[in-house]
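Asks: structure for this input, please:
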Amino acid sequence: MAATIHDADERQIVSARDFWLIFTVLAAIVALPLILNEYPAMPDYPNDLARLHVLAQNLRGASSRYYEVRHVLVPTMALDVVALWLVQLGLPENVALRLFAGTALLLPLAGVLALSRGTHRREPWLALLAIPIAYNLYWIWGFLNYEFSCGLAFLCTALWLRTRDRLAARRPIVHGLLFGFFGWLILCSHLEGFGVLALLLLACEAPTLFGKERNKSQRRRTLQRLVLAFVLPVLAYMLCFDRGPGGGTFWSNVAQSKIAGVVAPLFSYSRSIAIIELGLTVGLLAYLGWRRRVSWPPSGLWAMGLLFAAFLLLPTDTLGSAFLDRRLMPVLAFIALAFAEARPSQRETQLIVVLAICLVALKFAEVQIAWSETSRMFAQVRTALQQLPRDARVMTEVLMDGPNMEFPPARRVAAFAVIDRAAFAPNLSAYPVIDSRLAYWPEALVMRNGFTDILISSGQAPDWNRVCRQYDAVLIIGRRTRLVTPSCATSMQTETQFELFRIRNPA
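Replies: Residues are numbered from 1 along each chain as shown. Below is the predicted model of the structure:
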């Protein structure tokens, strides 16, 4: 009998070690492209790098002719604080930004593990399927503040569950105030990340608030804690944060937006690969459900229901956030795997591991191929832009080749000139275009008016009259036939995917 118990314990120990080893190796693999490539193929990456450079220069006492730093609280500060702190520690700006991007990649996975372990107290084998979701569409696009804040929201929710039976039961006010502070930190990281936290905390307490056997005293304490956790960050946002222009609210292409959101968790660069991976993942979960090997607790069902309802009801854009609704689908996928209580057999566990390895390998290959090509292109563009004079004004025009205008994701590459030549790029993300600690000086804002991301078809020419009046250079991105250029434009460098023109005698 003793030998049997010992053997069972030994098998459990080995299983635990196997899980943590596999999870660690797969998580390291998904982070590997950030080490292998100098520039990630994220549309926002050059923009974020330029913003980080201007903020770092401001700390050193250097000013910019075109941009100023606003010393205000804005609900998108994770990158500004964390990456800037890494630069102050002595890391190069590009290394600091890639390290922050890696943190934003892995933090949601840590949150999934914390939620799963805190809920079920066993090795969460289904959490392995969350690893390829780290490459979701919005991390690939470079929404790093949002991804970072979602990871914090997952960890905060896990801590809420961990402490509610002790600290919350004895000192509900202290518990609510503590999580109000955590909520404020997440709000500083990203506004929508705080929204995710609010939905998750509400879902965790929904069985207490709305269950059939609810105790009035327990319900009152729970409401008290939730109010403190939500109200303090909301009041801080209303009273202390600069909320910027806000922007309008749009429900554009609603049906298309919702359908696109379904594949967003596993979509990086190829929709076909995303659909295949989504089908395999959903198929495995359906099989485990049919075998009654997986279930979800009431709090998990509430979380998935609230997130899906928010996805259906939210507009496409509001408060300056693009793809507001679709961003929630990767969160929903993470949460579904985090709360899932799996009881797989040995063979089913092996099946989960094999599928996770295959999905991670496929995503790694897809991302690495895209990044290696784009990283070379970014390096070529940056070298070309270094030929410009200091304080140059650089316009970018993107020639669309078919419906996909994000690969190569080069619409913001003129931002490299902001770093190397203290130049002006009209599509740099800065106030009042978005909530940001970086803003355009009045002179730059006037030049920017009417010129942001100019997207033209392959057979179309840029608006040379406007370019020649206001800019010192124009960067044409995309494969093209030879352009007919005016006398003011002289080609400086021509490559397969771009051409840089110098503008003479601008107004």
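Asks: would Met395 count as being in a strand?
Replies: Yes. Per DSSP: H, G, I helix; E, B strand; the rest coil, Met395 lies within a strand segment.
Asks: what's the distance between it and Leu475?
Replies: 7 Å (C-beta to C-beta, to the nearest Å). The C-beta positions use only the backbone N, C-alpha and C, and glycine is treated the same way.
Asks: now do the shared contacts for those two.
Replies: Ala414 (C-beta atoms under 8 Å, 6 or more residues apart in numbering).
Asks: quick one, strands of the chain?
Replies: Using DSSP state E, the strands found in the chain span residues 67-69, 294-295, 341-342, 394-400, 438-440, 454-457, 473-477, 489-494, 498-503.
Asks: off-centre distance for the longest one?
Replies: Think strand 394-400. Relative to its chain's centre, strand 394-400 lies at 25 Å (C-alpha atoms, centre = their mean, to the nearest Å).
Asks: if you count neighbours, what's buried in it?
Replies: Neighbour-count burial for strand 394-400, with 16 or more other C-beta atoms under 10 Å as criterion, is recorded at 394-399.
Asks: closest to Leu284 out of those?
Replies: The shortest approach to Leu284 among these belongs to Val398, at 39.3 Å (C-beta to C-beta).
Asks: partners of the closest one in the sheet?
Replies: Leu455, Ile477 (DSSP bridges).
Asks: surely it touches Arg411?
Replies: Yes. Applying C-beta atoms under 8 Å as the test, Val398 and Arg411 come out as touching, 5.0 Å apart.
Asks: circling back: so of the strands of the chain, which one's packed in deepest?
Replies: Counting by mean count of other C-beta atoms under 10 Å, strand 473-477 has the highest mean neighbour count of the strands of the chain, with a mean of 25.
Asks: quick one: average confidence on that one?
Replies: Averaged across strand 473-477, the pLDDT comes to 88.
Asks: what packs against that strand?
Replies: Packing partners of strand 473-477 (3 or more C-beta pairs under 8 Å, 6 or more residues apart in numbering; DSSP states H and E): helix 346-385, strand 394-400, strand 498-503.
Asks: can you list the ones you listed in CSV and add distance to Leu191?
Replies: Formatted as CSV, the helices and strands packed on strand 473-477 follow (distance: least, C-beta to C-beta, whole Å):
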stretch, distance to Leu191
helix 346-385, 28
strand 394-400, 28
strand 498-503, 35
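Asks: worst mean pLDDT among these?
Replies: The bottom spot among the helices and strands packed on strand 473-477, by mean pLDDT, belongs to strand 394-400, with a mean of 80.
Asks: dump the strands of the chain to TSV, plus distance to Arg225.
Replies: Shown next, in TSV, are these (distance: least, C-beta to C-beta, whole Å):
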stretch	distance to Arg225
strand 67-69	38
strand 294-295	27
strand 341-342	25
strand 394-400	49
strand 438-440	37
strand 454-457	49
strand 473-477	51
strand 489-494	60
strand 498-503	55
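Asks: quick one: closest of those strands to Leu178.
Replies: The nearest among the strands of the chain, by C-beta to C-beta, is strand 341-342 at 27.7 Å.
Asks: tell me the strands beside that closest one, with direction?
Replies: strand 294-295 (antiparallel).
Asks: just the mean pLDDT for the partner strand, thanks.
Replies: Averaged over strand 294-295, pLDDT sits at 92.
Asks: same check on stretch 427-439?
Replies: The predicted model assigns stretch 427-439 a mean pLDDT of 83.
Asks: in that stretch, what counts as buried?
Replies: Residues 427-431, 433-439 are the ones in stretch 427-439 that count as buried (16+ other C-beta under 10 Å).
Asks: quick one: which two of the residues you listed are the most distant?
Replies: Using C-beta to C-beta, the buried residues of stretch 427-439 span at most 17.8 Å, a distance reached by Asn427 and Arg437.
Asks: can the buried residues of strand 394-400 go into TSV with extra columns for distance to Leu332?
Replies: Below are the buried residues of strand 394-400 laid out as TSV (distance: C-beta to C-beta, whole Å):
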residue	distance to Leu332
Val394	40
Met395	40
Thr396	35
Glu397	37
Val398	32
Leu399	36
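Asks: what's around Ser375, how many residues?
Replies: Per other C-beta atoms under 10 Å, the neighbour tally for Ser375 reads 18.
Asks: my read: it touches Met42, true?
Replies: No. Here Ser375 lies out of contact with Met42, judged by C-beta under 8 Å, at a distance of 10.9 Å.
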